[in-house]
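[1] Curious how this folds, go ahead:
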Amino acid sequence: MNEDKQMCGLAVDSQYVELAVEVFSMLADATRVRIILALRDKELSVNELAETVGKSPAAVSQHLAKLRMARIVAARQDGTRVFYRLANEHARQLVADAIFQAEHALGDAPRHHRIRPAEAS
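    Numbering: from 1, shown residues only. Have a look, this model is predicted:
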């Protein structure tokens, strides 16, 4: 078991700890979390994301640039439009877990404990 933790970076002295902190700092912004939530199940253009998260396209573009640098989102160009999607399932899970953790601060039985896991995502 300890060998498995070493191999995947879960050891206390893992070389990935500092990189994980960078991921958390990248997600420490409400607009970026909303962007990730919007991209959970589909790809969207900047304008669609801007409308969904209630920010200007310019602001969303700046956030997307940071998320792309962190390899949290990926882009696909179709003509003059660029569509964004989550680069992998981990950002989706990190944000979902953070939301679930936040729900615990609100009361006895958080919503995610009252519904089936497939419905929570």
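[2] Let's check: the centremost residue of this structure is which one?
    residue 91 (3.5 Å; Cα atoms, centre = their mean).
[3] Apart from its neighbours in sequence, what residue is nearest that one?
    Nearest-residue entry for residue 91: residue 72, 4.8 Å, with adjacent residues in sequence omitted and distances by Cβ to Cβ, 6 or more residues apart in numbering. In this view, the C-beta of every residue, glycine as well, is placed from N, C-alpha and C.
[4] The one you found and residue 86: what is the separation?
    7 Å (Cβ to Cβ, to the nearest Å).
[5] any shared contact partners between those two?
    residue 36 (Cβ atoms under 8 Å, 6 or more residues apart in numbering).
[6] who's more crowded, those two?
    Set side by side, residue 72 and residue 86 show more neighbours around residue 72, with 24 against 21, by other Cβ atoms under 10 Å.
[7] contacting residues around the more buried one?
    23, 26, 27, 36, 86, 87, 91.
[8] from these, which is closest to residue 16?
    Residue 16 lies nearest to residue 23 out of the contacts of residue 72, by Cβ to Cβ, at 9.6 Å.
[9] Output the strand or helix carrying that closest one as CSV, nothing but the C-alphas.
    Counting by DSSP states H and E, the element that carries residue 23 is helix 17-26. Output of helix 17-26 as CSV, limited to C-alpha atoms (Å, rounded to 0.1, in the frame of the first residue of the first chain):
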residue,chain,number,x,y,z
VAL,A,17,2.8,18.5,-3.2
GLU,A,18,3.9,22.0,-4.4
LEU,A,19,2.2,21.4,-7.8
ALA,A,20,-1.0,20.4,-6.0
VAL,A,21,-0.8,23.7,-4.1
GLU,A,22,-0.6,25.5,-7.4
VAL,A,23,-3.7,23.7,-8.6
PHE,A,24,-5.6,24.7,-5.5
SER,A,25,-4.5,28.3,-5.9
MET,A,26,-5.7,28.2,-9.5
